[in-house]
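Colleague: Quick one, what's the 3D model for this:
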Amino acid sequence: MTKAARWLWNRLIDLVGRSTGRLLQWLVRHRFVHFPFLSEALACLPFSAGYKLRACIYGEILPRVGTDVVIHFGVVIEDPRTCFGSDVWISRAVYIDYADVGDFVLIGPHACLLAGGRQHKMERTDVPIKTQGNPEKQPTRIGRGAWIGANAVVMASVGADAIVGAGSVVTRDVPPRAIVAGNPARVLRFRENPGPAGSVPPHEEGSPN
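Modeller: As a prediction, the model looks like this:
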């Protein structure tokens with residue numbers, strides 16, 4: 001594809017995406033369309049045109065979507081208050097409940113970002129959990145430059161420049177620049193102090209102070 005044709009193609013996608021996004025934003029705001037259902041439909045758009053259209057459309061609907069955001073095939077967003085910074089890569093089949101994602105974040109395939117660890121009220125045992133309702137959601141914050149590995153389940157915030165290992169289950173806040181892994185995830189080491197696994201001083205393990 002020539003440079004001129006590529007420019008025209010990208011401009012066309014941008015025009016279609018933003019026009020469609022403004023219409024869908026109005027429909028969501030006035031409750032003609034349920035946002036999670038819309039997100040499921042957008043997740044099915046294929047090829048490079050799909051991730052470009054998703055970025056444009058979400059840019060009109062969500063509070064903040066920075067530049068160079070790549071949202072791959074199969075990504076579903078549950079809450080329309082979710083935000084993305086710039087230069088964010090979200091791989092295929094990621095589920096995002098309610099999150100505030102910073103700049104330069106990488107999210108691996110099939111990761112799951114939940115809005116906290118308590119999705120349902122469960123205090124009463126005489127009433128099924130399903131009928132007890134849901135606590136008020138707070139966004140899971142993913143700090144600038146963090147990397148969430150494939151198949152990770154994140155139920156707490158992740159600090160800037162931290163790494164969450166593939167398949168980890170994050171139940172407590174991850175400190176900045178920490179490398180965590182496991183179920184539940186625990187700190188292996190910090191990126192500014194490299195060393196073998198398990199060499200982190202005791203006061204650096206676990207959730208931040």
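
Colleague: bridging residues for the residue nearest in space to the middle of the chain?
Modeller: The residue lying closest to the centre of the chain (Cα atoms, centre = their mean) is residue 96, at 4.7 Å. Counting by DSSP bridges, residue 96 is bridged to residue 77, residue 113.

Colleague: Might one say that it is in contact with residue 81?
Modeller: No: using Cβ atoms under 8 Å, residue 96 and residue 81 do not qualify as a contacting pair, with a distance of 11.1 Å. In this view, the C-beta of every residue, glycine as well, is placed from N, C-alpha and C.

Colleague: helices or strands up against the lengthiest helix in the chain?
Modeller: The longest helix of the chain (DSSP state H) is helix 3-29. Helices and strands touching helix 3-29, as assessed by 3 or more Cβ pairs under 8 Å, 6 or more residues apart in numbering; DSSP states H and E, comprise helix 35-42, helix 47-61.

Colleague: If I take that helix and helix 35-42, what angle do their directions form?
Modeller: 160 degrees (axes from the mean of the first three to the mean of the last three Cα atoms, to 10 degrees).

Colleague: Please spell out which residues along helix 3-29 are buried.
Modeller: Across helix 3-29, burial judged by 16 or more other Cβ atoms under 10 Å covers 13, 17, 21, 24-25, 28.

Colleague: repeat for stretch 105-123
Modeller: Quick answer for stretch 105-123 (16+ other Cβ under 10 Å): 105-116.

Colleague: could those residues be laid out in TSV, adding distance to residue 167, pLDDT and secondary structure?
Modeller: Formatted as TSV, the buried residues of stretch 105-123 follow (distance: Cβ to Cβ, whole Å; pLDDT from 0 to 100; DSSP: H, G, I helix; E, B strand; the rest coil):
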residue	distance to residue 167	pLDDT	secondary structure
105	18	98	coil
106	16	98	strand
107	14	98	strand
108	10	97	coil
109	12	98	coil
110	10	98	coil
111	10	98	coil
112	11	97	strand
113	15	97	strand
114	15	95	coil
115	21	92	coil
116	20	77	coil
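
Colleague: which residues touch residue 72?
Modeller: Residue 72 makes contact with 51, 90-94, according to Cβ atoms under 8 Å, 6 or more residues apart in numbering.

Colleague: Report the buried members of those residues.
Modeller: Buried among these by 16+ other Cβ under 10 Å: 51, 90-91, 93-94.

Colleague: tell me the two of the residues you listed that are most distant?
Modeller: Within these, two members stand farthest from each other by Cβ to Cβ: 51 and 93, at 13.1 Å.

Colleague: anything in contact with each of those two?
Modeller: By Cβ under 8 Å, 6+ apart, the residues touching both residue 51 and residue 93 are 72-73.

Colleague: Name the nearest residue to residue 57, ignoring sequence neighbours.
Modeller: Distances taken as Cβ to Cβ, 6 or more residues apart in numbering place residue 21 nearest to residue 57, at 3.9 Å, with adjacent residues excluded.

Colleague: again but with residue 52, I slipped
Modeller: That would be residue 13: by Cβ to Cβ, 6+ apart, it lies 4.7 Å from residue 52.
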